[in-house]
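**Q** need coordinates for the below:
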Amino acid sequence: MKKPSPYLTFAGTIPFIACAIFITLGIDAIRVLGMTAHVLSVYGLVIASFMAGAHWGNHLNLADDHPWAVKLPVLSNIIALALWLGFLSLSTAGFIWLLVLGFISLLVIDYNLYGANIINREYFKVRTYVTMIVVIALVVSAIQL
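**A** Below is the predicted model:
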């Protein structure tokens, strides 16, 4: 049986896409969940933090003298903390733009991890497509706010 991770990764784009559509259509709130832009912001924060955590996890398997053994935990913490502080201090639109920067930064790190043979081609390919979908959904949302 094939691993479910690529399917789950693509499924994770659904809330980003749905919120972008709702915001574009002027649907300000989602029943039970709350304000659409807030739902998008919280979901984006969770997913970006999860991705930063995946980078943290990657560093655990590296030898102490590997160049990424120090870079990964430091960068993952910087990204997660910057996004958390942005969530707390920025306007909703400002935070969504910060999420765009965060997801692109995470992909740039993955590009470097792929080049260093830390992640494989298939994973990087999925991450690239999913990041493009997420960034487009976030940009569409941010422009509307």
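**Q** from what I see, Ala63 and Ala69 are in contact.
**A** Yes - if you go by Cβ atoms under 8 Å, Ala63 and Ala69 touch, sitting 6.6 Å apart. From N, CA and C alone the C-beta is placed, and that goes for glycine too.
**Q** so which of these two has more stuff around it?
**A** Taking other Cβ atoms under 10 Å, Ala63 and Ala69 do not tie; Ala69 has more neighbours (15 against 7).
**Q** now the more buried one: how far from Trp56?
**A** Distance of Ala69 to Trp56, computed by Cβ to Cβ, to the nearest Å: 12 Å.
**Q** Leu138 and Ala82: what is the separation?
**A** Leu138 is 16 Å from Ala82, where distance means Cβ to Cβ.
**Q** same check, this time on Ile143
**A** Ile143 sits 22 Å away from Ala82, taking Cβ to Cβ as the criterion.
**Q** same check, this time on Tyr123
**A** Relative to Ala82, and taking Cβ to Cβ, Tyr123 is found at 24 Å.
**Q** repeat for Asp65
**A** 28 Å.
**Q** so for those two, which sits in the more crowded spot?
**A** A side-by-side neighbour count of Asp65 and Ala82, using other Cβ under 10 Å, places Ala82 first with 16 against 7.
**Q** number of residues surrounding Leu85?
**A** If we define neighbours as other Cβ under 10 Å, then Leu85 has 12 of them.
**Q** how about Ser141, what does it touch?
**A** By Cβ atoms under 8 Å, 6 or more residues apart in numbering, Ser141 lies in contact with 19-20, 23-24, 37, 40, 96.
**Q** that one in helix, strand or coil?
**A** Under DSSP: H, G, I helix; E, B strand; the rest coil, Ser141 falls in the helix class.
**Q** tell me, what residue is most central in the protein?
**A** Centroid-nearest residue in the chain, with Cα atoms, centre = their mean: Ala48, separated by 3.4 Å.
**Q** remind me which helix or strand it belongs to.
**A** Per DSSP states H and E, Ala48 falls inside helix 36-60.
**Q** packing partners of the following helix or strand past that helix?
**A** Going down the chain from helix 36-60, the next helix or strand is helix 68-89, by DSSP H and E. For helix 68-89, the elements it packs on are helix 36-60, helix 92-115, judged by 3 or more Cβ pairs under 8 Å, 6 or more residues apart in numbering; DSSP states H and E.
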